[in-house]
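> kindly return the folded structure for what I paste below:
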Amino acid sequence: MELYIFNNIENDECIKGILEKGNTIVMRKIIEFAETRGVTKSSIREYVVTLLADDDNVLSRVALRGGEIGQDLYKIALFDIEQIYSKLFPTSIKYTPSDNSHGFFDGYRKSIERMTEAKSAEELLDSLIRHYRECGSGELSRYAAFKYDGALTGVSEIEDITFDKLVGLERQKETLRENTEAFLSGKGANNVLLFGDRGTGKSSSVKALLNMYAAKGLRLIEIPKHCISDIPKLTKILGEKPNKYILFLDDLTFETHEKEYRALKTAMEGQLQAMPKNVLVYATSNRRHLIRETWEDRQGTDVHVNDRMQETLSLAERFGISLVFSSPNQKEYLKITEELLKRHNIEMTAEIEKEAIVWQMNYGGRSGRCAKQFVASYAANHKEE
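The predicted structure follows:
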């Protein structure tokens, strides 16, 4: 083959094997691919399609930016795809994977299936351009959630949490919905700080947003504190992708001597490279001001104490929205417990109320998390009744 745009795939060992009838090499690669990444039963076709979908080339870059594909670029790309379609798709080697549930995002799976089932080279090319625009390419196209620790790793199993399962928190949920929907529609949106008592639904609320809006292009990337300095490098990559990304900083607190809070403050607002419009930061913390203060900090030996206090407060001010999550009072705690019990078809009684109160006294105080743990234990112990 003589390819002009998709020439990178010519260097692939499996592609060489297909062209040279090296069936042993092909089978080795296809077996590994099908069992670890395959989502269809047409493993050879899908392998070729996946190489195209992951390829970094001039067509993918134009499509990712949302630019119009020029007539000449389209014709040259079609010339390449016609060769690929005629020489690689009809191979007689067959292999059906034992499982095709690898935890990939549903939109990615459907896009791969659509390209694999293409009835012509032109249909394949049109589907490929659509894939670049809707899913992106590479690792970021396959999952809805990621962990970052120097590199992105897709999360195949996302916790099944929705706003319907979070009892109460109506004001907080509505604010998060409004801000996230504005973000997805390209309107002005704010970074969000969710702070307050432990076990009150801060992290769960962020995860619920992903389950609610993943199909509309929302992606979640969890970043540990020690990787905060990588945010500018990461956002530069994300800025070229088609989806909307929330950088999730969970359980965030700093000591005054830690340099990460300055790195986060600079990344969010204060560097020459502006944060891309498709990236926001959502952080959870038990502290409103994120940086632990002592009375010595307020009354210490620093001549300009107020300046130092302003420095510690300035990070929290980078978040346009701050939402407080407070522990419920006893009435609210019992109401949450009652709602959770209903999902197990259990009616609240005076006896259960007493047990719920004893539980929260023994297991960390009143919170939505405590109510959930009580209900899980109670339902498990009374399922035969």
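> low-confidence stretches in the stretch 151-300 of the chain?
256-257, 270-273, 289-300 (pLDDT under 70).
> can we see that at 90?
156-162, 164-170, 188, 195-201, 240-242, 251-276, 285-300 (pLDDT under 90).
> mind listing the helices in it by residue range?
Under the criterion DSSP state H, counting those that start in this stretch, helices of the stretch 151-300 of the chain are mapped to 170-184, 202-213, 231-238, 260-268, 295-299.
> so how far is residue 30 from residue 164?
42 Å (CB to CB, to the nearest Å). Bear in mind the C-beta positions are built from the backbone N, C-alpha and C, glycine included.
> between the two, which has more neighbouring residues?
residue 30 (24 against 10; other CB atoms under 10 Å).
> helix, strand, or coil at the more buried one?
Here residue 30 is recorded as helix under DSSP: H, G, I helix; E, B strand; the rest coil.
> before we move on, the earlier item: of all the helices of the stretch 151-300 of the chain, which one is nearest residue 357?
Nearest of those to residue 357, taken as CB to CB: helix 202-213 at 23.1 Å.
> the closest one - contacts with which helices or strands?
helix 170-184, strand 192-196, strand 218-222, strand 244-249, strand 279-285 (3 or more CB pairs under 8 Å, 6 or more residues apart in numbering; DSSP states H and E).
> how about the ones you listed, which one is nearest residue 151?
Comparing those by CB to CB, strand 218-222 comes nearest, at 11.5 Å.
> which ones are touching residue 188?
residue 182 (CB atoms under 8 Å, 6 or more residues apart in numbering).
> relative to residue 9, how far out is it?
Residue 188 is 41 Å from residue 9, by CB to CB.
> so where does the spatially closest residue to residue 135 that is not a sequence neighbour fall, helix or strand?
Nearest residue to residue 135, sequence neighbours excluded (CB to CB, 6 or more residues apart in numbering): residue 141, at 4.0 Å. Applying DSSP states H and E as the criterion places residue 141 in helix 139-142.
> contacting residues around residue 54?
137, 138, 141.
> of those residues - the most surrounded one?
residue 141 (23 neighbours).
> residues contacting it?
By CB under 8 Å, 6+ apart, the neighbours of residue 141 are 53, 54, 105, 108, 131, 135.
> equivalent analysis for residue 85, please.
Counting by CB under 8 Å, 6+ apart, residue 85 has contacts 118, 120, 121, 124.
> measure it to residue 141 for me?
Taken as CB to CB, the span from residue 85 to residue 141 is 21 Å.
> ok, residue 278 next?
For residue 278, the distance to residue 141 - CB to CB - is 15 Å.
> same check on residue 221?
14 Å.
> give me the longest helix you can find in this protein.
The longest helix of the chain (DSSP state H) is helix 71-88.
> flag every buried residue along it.
Using 16 or more other CB atoms under 10 Å as the test for burial, helix 71-88 gives 73, 74, 76, 77, 78, 80, 81, 84, 85, 88.
> do the same with stretch 184-200
Here stretch 184-200 shows 184, 189, 190, 191, 192, 193, 194, 195, 196, 197, 199, 200 as buried, counting by 16+ other CB under 10 Å.
> identify the bridge partners of the fifth one.
Beta-bridge pairing for residue 192 (DSSP bridges): residue 282, residue 321.
> would you mind measuring from residue 111 to residue 201?
34 Å.
> looking at the two, which is more packed in?
residue 201 (27 against 22).
> show me what contacts that one?
Residues near residue 201 by CB under 8 Å, 6+ apart: 166, 169, 172, 325, 368, 369.
> how far away is it from residue 166?
Residue 201 is 5 Å from residue 166, by CB to CB.
> hey, what's in contact with both of those two?
With CB under 8 Å, 6+ apart, residue 201 and residue 166 have common neighbours residue 368.
> in three-state terms, label residue 337 for me.
Under three-state DSSP, residue 337 comes out as helix.
> contacting residues for it?
Contacts of residue 337 (CB under 8 Å, 6+ apart): 348, 352, 353, 356, 371, 374, 375.
> buried among these? Make that a PyMOL selection.
Buried residues among the contacts of residue 337 (16+ other CB under 10 Å), as a PyMOL selection:
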select buried, resi 348+352+356+371+374+375
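> and of the contacts of residue 337, the nearest to residue 180?
Closest to residue 180, out of all of those and judged by CB to CB, is residue 371, at 25.6 Å.
> report the separation between the closest one and residue 205.
Counting by CB to CB, the gap from residue 371 to residue 205 is 16 Å.
> the stretch 251-385 of the chain: strands as residue ranges?
Taking DSSP state E, counting those that start in this stretch, the strands of the stretch 251-385 of the chain run over residues 279-285, 321-325.
> and the first one, how far from the chain's centre?
Pointing back at strand 279-285 there. 12 Å (CA atoms, centre = their mean, to the nearest Å).
> summarise which helices and strands it is packed against.
On a contact count with 3+ CB pairs under 8 Å, 6+ apart, strand 279-285 meets strand 192-196, helix 202-213, strand 244-249.
> do the same with the last one
Contacts of strand 321-325 with other secondary structure elements, assessed using 3+ CB pairs under 8 Å, 6+ apart, are made with helix 170-184, strand 192-196.
> so can I have CSV of those showing distance to residue 154?
Formatted as CSV, the helices and strands packed on strand 321-325 follow (distance: least, CB to CB, whole Å):
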stretch, distance to residue 154
helix 170-184, 21
strand 192-196, 24
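> which of these sits closest to residue 282?
Judging the helices and strands packed on strand 321-325 by CB to CB, what sits closest to residue 282 is strand 192-196, at 4.8 Å.
> export that closest one to CSV, keeping only CA atoms.
The C-alpha trace of strand 192-196 is given here as CSV (Å, rounded to 0.1, in the frame of the first residue of the first chain):
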residue,chain,number,x,y,z
VAL,A,192,-16.6,24.4,41.8
LEU,A,193,-15.5,23.7,45.4
LEU,A,194,-17.7,21.3,47.4
PHE,A,195,-16.8,21.6,51.0
GLY,A,196,-18.2,20.5,54.4
